[in-house]
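# just coords:
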């Protein structure tokens, strides 16, 4: 029987076009420093260059790829440029890109163990590896009562943790009633905005979220937390969830997890620890102190897609008691039933996350760990911290500037002493120049510049040039 | 200054290893039919073959890639095999894989317009294209009051719709109180299990979800829905959300959206339409009738990652009133503020979804639409439906078998007349044989086989062989 008429790309065409895309990416990285880091297009400009209607006939792939250069690149903010110092980084790397390519090629759905056992087992295995690599508590191991899973983002990880906390406090799923108005969640005023969003998604009102005050270093005040929990219990409320942050987004502040975790234990409150960017630092023994206190946490998350050279999306999320998480998120309709699930001998990761479907995310993480080894990962993390500390030193030495917060790792918060307008002016001029990209926050209600050293390819020369350019613009503006 | 010591893959190494991965994938597709479709490993078998500890020193990439064959492939269930007829398909295709590769290479974070304008604008543009391609209502266009966004899965899309419904019914975000115990959500007994999960995530109790009875074709009874809503209102409850399904997971039943949508309009209830797999059929004018009634829906979702040749994850989600969605999901901390956002002239897609971060998902969808054109997409969808209808005809002609549900499109529910054990036996033998993979459901409490024709590369010969093998096993078992 002759093959049927098809519009699909044949394996040989895929080979040819695939090589071209790989070459395009290699070239892109070779010349990435020649682009302005922050895209300069105006709203609507990219759309205006696209055809109003989709094609009726298919187009040759070569032409599609050519369009990337002209139609898409002007609208790209180059997160993979070594001159990207904004927000937190979103690392890519060669092994991660290729691991993700294999995941796309295999095209498996890992919702159940049975729908591709390797997808589930490699993920469980690599997340057990990371428990050791980061000095996390043994109870997070899948071989104990815990286990890890890859979520898309830290937002989703903390949402799952909150839902498990809600379940533990109220037997939510079995009591069939809606969210209890007496539940209370806690985090610091400096925690990521996703916690506020998670709380609302989970059906708690904003009046059920307490934003605990921070100290002069922007870290949660543990005594204030303890008092608030006590007060709330006395008022007949039900404290159920605390999110502590290791490395806040604004200033990289590290909440005092040892004290917080004891308060949570004493009050039977679920403690989630969000170490989205900074957790990666614990790969190095000299920074592992950031995980002090995590041994009492109920759950923990960090994002290799931020600072561990693994493409988005890759948030690693562990729980100490996986039964609590699975009880919260498991629903088993007939069309998903299968013998492996019924045997109880396997993990079905659909029960560890909000969505049902999931791609083979662990491949890229496995590739990264194997390509770099502990040695390579530690080297680059150390180097980033070193460069950030060096930059902080330059700030301290220049009397026009000041540090706005402690610099525990690789994020430097600083400001020109000339006030908010001067700082906004410096930032706008730098970003418009295309030479680098940095962003701001407010600390103590003052406009503060943030420089985060964590992009995969950032080296000394990039940080040195950033400092030179900051000084130049400061001279222009002030 | 000499370059620093680095463990990163250089652009030239990336080129070489990238070509090898592309070649591996091309070879994989060339020989994919030689693998057993359903993986045969036992629980724990894949893990047992992996090293207990992560490497200290990095490993050569060639060796990592070689491991895929030996360590990973045995644990793969081949979703991209043309002999995959299980669940709903999870399509990959050449242009989608390469679009996703470019997305990994560019490595942008599309959380804000400003963090890569092309990521946002291409997504908005392609989702406007799809409104026309699928015959969806004009009010879903971003150029009107609506707009589309790519979510990871249909579960997340329906969760966002439910949250927007909750917001509309109770001004959830501004009233600061927890989820109102009087809210009620509705879907059919045949709707996807994700609706039940969404309801609980959003803080509604299971007592606040009504599973409406279905008719003999497994479609929601609209009169029952209308009466239930009326009864609930009389009881002082607040009906807020209905999810109608176009193509249920069990049997591909199509709820009567025209009647349901009028009931929702009359009662000011948010109507979400879940067309996860079957929406793709509307690319063909002759199947566009499945979208009757959607013109009154508040939101709609379908998954190109199921049946439109676009790699996971790619769920397209539209709302008629984007302001309602954004009001529900927007939180703007200082560190994300920027001039484009403040101008109001742009979409920030973080306000259209639960997570904050997002990758450049629209690239692969754009590549698919351009590679195939409307013509190519229609050809393959038509062909799949034709093959499923042909298979349904064979079932009807063989007196040992019967159809278990109508076959509106590409899913055939059928059973051997010998009872549940015979059907389970046929399925287990087929799946163990490795020749094909199909799954089951229960309809009217009877074990029912499902054969879904939708895998990218499935042709007549694969369906013919499946039928031959089913007949053979039926002879063995009964």
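Nice, thanks for sending it over. From a predicted model like this one, the values you see are computed outputs, not experimental measurements.

# what comes up buried for the lowest-mean-pLDDT helix or strand in chain A?
When the helices and strands of chain A are scored by mean pLDDT, DSSP states H and E, helix A:172-175 comes last with a mean of 82. Residues of helix A:172-175 classed as buried by neighbour count (16 or more other CB atoms under 10 Å in any protein chain shown): A:172, A:173. (Glycine included, C-beta is placed from N, CA and C.)

# and what of stretch A:133-151?
A:133-137, A:139-142, A:146-151.

# Name the residue of the stretch 301-450 of chain A that lies nearest to chain B.
Residue of the stretch 301-450 of chain A nearest chain B, by CB to the nearest CB: residue A:376 (3.1 Å).

# tell me the SS of that residue?
Secondary structure, DSSP: H, G, I helix; E, B strand; the rest coil: residue A:376 is helix.

# if we can go back for a sec, what about the least confident helix or strand of chain A, near chain B?
Yes. Counting by CB under 8 Å from any CB of the partner chain, chain B has neighbours in helix A:172-175: A:172, A:173, A:175.

# what separates residue A:114 from residue B:135, distance-wise?
Residue A:114 sits 37 Å away from residue B:135, going by CB to CB, to the nearest Å.

# got it, and residue A:452?
46 Å.

# For the residue of the stretch 301-450 of chain A closest to chain B, which non-adjacent residue is spatially closest?
Excluding its sequence neighbours, the residue lying closest to residue A:376 (CB to CB, 6 or more residues apart in numbering or on different chains) is residue B:7, at 3.1 Å.

# cool, residue A:191 as well?
residue A:245 is the one closest to residue A:191 (CB to CB, 6+ apart), at 5.2 Å.

# What helix or strand is that neighbour located in?
Following DSSP states H and E, one finds residue A:245 within strand A:238-245.

# That strand pairs with which strands?
strand A:183-188 (parallel), strand A:270-274 (parallel) (DSSP bridges).

# Which stretch among the ones you listed is buried most, on average?
Using mean count of other CB atoms under 10 Å in any protein chain shown, the stretch among the strands paired with strand A:238-245 with the largest mean neighbour count is strand A:270-274, at a mean of 29.

# which residues touch that strand?
A:154, A:157-158, A:161-162, A:164-165, A:168-169, A:191-192, A:195, A:240-246, A:257, A:260-261, A:264-265, A:294, A:296-301 (CB atoms under 8 Å, 6 or more residues apart in numbering or on different chains).

# Of those residues, which belong to strands?
A:240, A:241, A:242, A:243, A:244, A:245, A:299, A:300, A:301 (DSSP state E).

# beta partners of the last one?
In this structure, residue A:301 bridges to residue A:274, residue A:317 when assessed by DSSP bridges.

# What score does it have for pLDDT?
Looking at residue A:301, its pLDDT is 98.

# next one: the second one
As predicted, residue A:241 sits at a pLDDT of 98.

# Need the nearest residue in space to it, chain neighbours excluded.
In space, residue A:241 is closest to residue A:165, 3.8 Å off (CB to CB, 6+ apart).

# Next: the third one.
Counting by CB to CB, 6+ apart, the nearest residue to residue A:242 once its immediate chain neighbours are dropped is residue A:186, at 4.6 Å.

# all strands in the stretch 301-450 of chain A, in order from the N-terminus.
A:315-319, A:401-403, A:411-416, A:439-443, A:446-452 (DSSP state E, counting those that start in this stretch).

# For residue B:279, which of the ones you listed is the nearest?
Closest approach to residue B:279 among those (CB to CB): strand A:315-319, 29.1 Å.

# Which neighbouring elements make contact with the closest one?
Secondary-structure packing of strand A:315-319 (3 or more CB pairs under 8 Å, 6 or more residues apart in numbering or on different chains; DSSP states H and E): helix A:117-133, strand A:147-151, helix A:154-170, strand A:299-302, helix A:304-307.

# thinking again about what came up before, output the strands of the stretch 301-450 of chain A as TSV; include the columns mean pLDDT and distance to residue A:253.
Converted to TSV, the strands of the stretch 301-450 of chain A look like this (pLDDT from 0 to 100; distance: least, CB to CB, whole Å):
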stretch	mean pLDDT	distance to residue A:253
strand A:315-319	98	20
strand A:401-403	98	13
strand A:411-416	98	10
strand A:439-443	96	10
strand A:446-452	98	13
